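**Q** When you get a sec, could you give me coordinates for this:
(2 chains)
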Amino acid sequence: DTAVSQTPKYLVTQMGNDKSIKCEQNLGHDTMYWYKQDSKKFLKIMFSYNNKELIINETVPNRFSPKSPDKAHLNLHINSLELGDSAVYFCASSRDRVLHTFGSGTRLTVV
Amino acid sequence: KQEVTQIPAALSVPEGENLVLNCSFTDSAIYNLQWFRQDPGKGLTSLLLIQSSQREQTSGRLNASLDKSSGRSTLYIAASQPGDSATYLCAVPRGTSYGKLTFGQGTILTVHP
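**A** Just a heads-up that it's a prediction; the model follows:
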């Protein structure tokens, strides 16, 4: 299947832990993104990578570190997790600025 | 700074009604506008993409229009069905920031039988 896939789908962890979310797209897109959807359902851009280069970093705490080993992958590593990090994190990809395709989301719960 | 607003925040209608969802944006310098659907606990599904040079796009029972000059887009859903129940989001990219999407807060649609 051609898609944006992210793992895990659910993640429950304790405060202070470090966790990673993985994202892969097989659509041949050159740009990948991480978005955060908070409890009020607002979706906000966190990072954007184009051809493995960081393009956008939207004032996200430096506890969040994206890593793009190649054009098809954009992983999100989060250090020292806090309660406020609980949200749904969506990976997405696009070719240039056209037609974002989203993954199904990772629901992160920090307890 | 681009701001996107969607009205209404929630809508509950009986099956069969025709619906209009509204989206407005403050900065008309957009390349395109995209409408998404989000089902509870699921990801976003792209419904329609309208390029800035277009005035409308159609897909099945969905029709989206775009008026850049007034900063508005509407999503028209014909003959609504219970399966249309979901949150509908509009989003616009900003400038050259490689497709950074600014989203509205969504319209929660409930279509009851």
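**Q** Need the three-state assignment for the most centrally placed residue in chain A.
**A** Compute the mean C-alpha point of chain A, and by Cα atoms, centre = their mean the closest residue is A:W34, 3.3 Å away. Secondary structure assignment for A:W34 (DSSP: H, G, I helix; E, B strand; the rest coil): strand.
**Q** Any idea how many residues pack against A:P8?
**A** If you count neighbours by other Cβ atoms under 10 Å in any protein chain shown, A:P8 ends up with 13. Just so you know, the C-beta spots here come from the backbone N, C-alpha and C atoms, and that holds for glycine as well.
**Q** For it, give its distance to B:D84.
**A** As judged by Cβ to Cβ, to the nearest Å, A:P8 and B:D84 stand 30 Å apart.
**Q** For the chain, just list every one of the strands.
**A** I'll assume chain A. Using DSSP state E, the strands of chain A run over A:4-7, A:10-13, A:19-25, A:31-37, A:43-50, A:53-57, A:64-70, A:73-78, A:87-95, A:98-102, A:106-110.
**Q** wrong chain, I was asking about chain B
**A** According to DSSP E, the strands that chain B contains are B:4-7, B:10-14, B:19-25, B:32-38, B:44-51, B:56-59, B:62-67, B:72-77, B:86-93, B:101-103, B:107-112.
**Q** Can I get these in a markdown table including mean pLDDT and mean neighbour count?
**A** As requested, the strands of chain B are exported to a markdown table (pLDDT from 0 to 100; neighbours: other Cβ atoms under 10 Å in any protein chain shown):
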| stretch | mean pLDDT | mean neighbour count |
| --- | --- | --- |
| strand B:4-7 | 95 | 18 |
| strand B:10-14 | 96 | 13 |
| strand B:19-25 | 96 | 19 |
| strand B:32-38 | 92 | 23 |
| strand B:44-51 | 91 | 18 |
| strand B:56-59 | 94 | 14 |
| strand B:62-67 | 96 | 19 |
| strand B:72-77 | 97 | 20 |
| strand B:86-93 | 93 | 25 |
| strand B:101-103 | 88 | 23 |
| strand B:107-112 | 96 | 17 |
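**Q** so which of the ones you listed gets nearest A:E24?
**A** If you check each of the strands of chain B against A:E24 by Cβ to Cβ, strand B:44-51 wins as the nearest, at 17.2 Å.
**Q** Wondering if the closest one reaches chain A at all.
**A** Yes. Residues of strand B:44-51 contacting chain A under Cβ under 8 Å from any Cβ of the partner chain: B:44-46, B:49.
**Q** partners of that strand in the sheet?
**A** In the sheet, strand B:44-51 lines up against strand B:32-38 (antiparallel) (DSSP bridges).
**Q** give the contact list for A:L83.
**A** Listed by Cβ atoms under 8 Å, 6 or more residues apart in numbering or on different chains, the contact partners of A:L83 are A:15, A:110-111.
**Q** Nearest to chain A among the residues of strand B:44-51 next to chain A?
**A** Proximity of the residues of strand B:44-51 next to chain A to chain A (Cβ to the nearest Cβ) peaks at B:L44, which lies at 4.1 Å.
**Q** from what I can see the closest one touches B:W35, true?
**A** No. Assessed by Cβ atoms under 8 Å, B:L44 is found out of contact with B:W35, at 10.1 Å.
**Q** Name the residues contacting each of these two.
**A** Common neighbours of B:L44 and B:W35 (Cβ under 8 Å, 6+ apart) are B:L89.
**Q** rank the strands of chain A by pLDDT, which is bottom?
**A** Lowest mean pLDDT of the strands of chain A: strand A:53-57, a mean of 75.
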